[in-house]
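J.: I would like to see how this sequence folds:
(one chain, ligands or ions: 1)
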Amino acid sequence: MTAFPDAAAFRATACASPPDERGAFGDFGGRFVPETLMPAVLELEGAFLEAINDDAFLQEWFDLLRNYVGRPTALTYAARLSDAVGADVWLKREDLNHTGAHKINNTLGQGLLCLRMGKRRVIAETGAGQHGVATATAAARLGLDCTVFMGAEDIERQALNVFRMKLLGADVVEVTSGTQTLKDATNEALREWVTRVRDTHYIIGSAVGPHPFPWMVRAFQSVIGVEARLQCEQAGIKPDIVVACVGGGSNSIGIFHPFRETDAGLVGIEAGGRGTRPGEHGASISYGEPGILHGSRSTILSTPTGQVQPAHSISAGLDYPGVGPELAYLAETGRARFVPITDDEALDAFVRLSELEGIVPALESAHAVAWLFRGEWGGQRPTILLNLSGRGDKDVQQVARMLAERS
Ligand SMILES: Cc1ncc(COP(=O)(O)O)c(C=O)c1O
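T.: From the prediction side, this is the model:
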């Protein structure tokens, strides 16, 4: 028995429920880019369509996922956590991936696509540094030049990942505009892409950006949910709830998408930060309004005059004022619900999961774990599938500091 999908089955699931001809999911998505970028996004759409329908491309990517990343990742029953929260909790262990998070699934897929388009250089934005590390890793493995844009504040928060990216041969460009976080790094990467579209592919790290990015990133990250469904079926597990943290939305849509035709409830956990006032959180679906950010229409955090409202989260990877359009659509249609979890709850969950299961989660993933402690399901003990999107090595110094400040 294997929990690894075959090409045809993967394609059928990953490509199901595509966006419409405008690249939109209902009222969300689309392609709002300067004219100079249109040829690049159209070229990308064509290349992606061809690649995803080519078994040889999928096999090459699967081979990397299997023998380089270490997929399929384990599905772990968390016995002590289950007792603590009164539910049967299964963890999809994206923390076990090479480089420590789900981001590598997408960067290897897009890296292969870059080669297929005859380009030799990739650029990326990063917040937590995980996507930057995953891009630099894929670039090293595939022999591509790599430049990563990162906000100055995130460079400070994630010094270890900055060092890792440089070690992997990437140039790290410090972004000092705006709030000096992920949104500004994304602006800068988009600006750079406009000037270098001929030889450069922009590897967006989440299910955001202009069409085809949200759809393409969803397809690559669907490997999480496709595997998890196979693993659940083989083990006779029927999740009542699938839960994942939401930054831009790639790990959540990656695990949700293959479960959307099942009876499972889908719960996305947003960054509730320090409070509900503007600037205190990163909960774009819970507190945002429809708007356009980074090339697509979604729900975003904005000021009364329509400017982007800076976000806040304890975790750099959730510190983003927008969210992927497909998640906004799932929220609007009621297929998924979204809950903000505070910085403090995430910090507690970071410690609790470490103590209870011997697994140190990424601060982003700790938001999803924290939701379990709220016990908001009512009724009988449910079976919950939780996407543990990454491991917490990158966060331990920051957490040590915050715990010391707390006591
Ligand atoms: C471990 C981890 N989980 C989650 C996220 C949030 O991103 P997304 O919503 O795209 O999964 C990040 C972003 O950097 C991350 O590093």
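J.: Do the strand or helix carrying residue 386 and the ligand come into contact?
T.: Using DSSP states H and E, residue 386 maps to strand 383-388. No: shown here: strand 383-388 not in contact with the ligand (Cβ under 6 Å from any ligand atom), separated by at least 8.5 Å. Bear in mind the C-beta positions are built from the backbone N, C-alpha and C, glycine included.
J.: per-residue confidence averaged over stretch 308-325?
T.: For stretch 308-325, mean pLDDT is 95.
J.: Does the ligand have contacts with that stretch?
T.: Yes: legend: contact between stretch 308-325 and the ligand by Cβ under 6 Å from any ligand atom is shown at 317, 318.
J.: mind saving the C-alpha coords of that stretch as CSV?
T.: What follows is stretch 308-325, C-alpha atoms only, in CSV (Å, rounded to 0.1, in the frame of the first residue of the first chain):
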residue,chain,number,x,y,z
VAL,A,308,-4.0,48.4,2.4
GLN,A,309,-4.2,48.1,6.2
PRO,A,310,-0.9,46.7,7.6
ALA,A,311,-1.5,43.3,9.2
HIS,A,312,0.0,41.9,12.4
SER,A,313,0.7,38.4,13.6
ILE,A,314,3.1,36.8,16.0
SER,A,315,4.0,34.5,13.0
ALA,A,316,5.7,36.1,10.0
GLY,A,317,3.9,33.6,7.6
LEU,A,318,0.4,34.8,8.6
ASP,A,319,1.3,38.5,8.7
TYR,A,320,-0.4,39.3,5.4
PRO,A,321,-3.3,41.6,4.7
GLY,A,322,-4.8,39.5,2.0
VAL,A,323,-5.8,35.9,1.3
GLY,A,324,-6.1,33.6,-1.7
PRO,A,325,-9.3,34.2,-3.8
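J.: Contacts for the strand holding residue 386, please.
T.: Identification of contacts with strand 383-388 by Cβ atoms under 8 Å, 6 or more residues apart in numbering yields 87-95, 102, 224, 228, 232, 237-245, 251-252, 254-255, 259, 264, 359, 361, 365, 368-369, 372.
J.: Now the buried members of those.
T.: By neighbour count, with 16 or more other Cβ atoms under 10 Å, these hold 87-95, 102, 224, 228, 232, 237, 239-245, 251-252, 254-255, 259, 264, 359, 361, 365, 368-369, 372 as buried.
J.: Can you tell me the strand partners of the strand holding residue 386 and which way each runs?
T.: Next to strand 383-388 in the sheet, as set by DSSP bridges, lie strand 88-93 (parallel), strand 241-245 (parallel).
J.: Toward the C-terminus, what is the element adjacent to the shortest one?
T.: Translated: strand 241-245. helix 250-256.
J.: How about the first one?
T.: Scanning forward in sequence from strand 88-93 by DSSP H and E, the next helix or strand is helix 103-116.
J.: which of the residues in that next one are buried?
T.: So, applying 16+ other Cβ under 10 Å, buried residues of helix 103-116: 103-114, 116.
J.: How about stretch 263-281?
T.: 264-273, 278, 280-281.
J.: close to the ligand, is it?
T.: No: against the ligand, stretch 263-281 shows no contacts by Cβ under 6 Å from any ligand atom, the least distance being 8.8 Å.
J.: Give me the distance between the two termini of that stretch.
T.: End-to-end distance for stretch 263-281, by Cα to Cα, to the nearest Å: 31 Å.
J.: any idea of the mean pLDDT for that stretch?
T.: pLDDT averaged over stretch 263-281 gives 98.
J.: do the same with stretch 238-258
T.: 98.
J.: what's the first-to-last distance across it?
T.: This stretch, stretch 238-258, spans 13 Å end to end (Cα to Cα).
J.: Name the helix or strand for the residue lying closest to residue 26 once chain neighbours are set aside, please.
T.: What sits nearest to residue 26 in space, not counting adjacent residues and going by Cβ to Cβ, 6 or more residues apart in numbering, is residue 329, at 4.5 Å. In this assignment (DSSP H and E), residue 329 forms part of helix 325-332.
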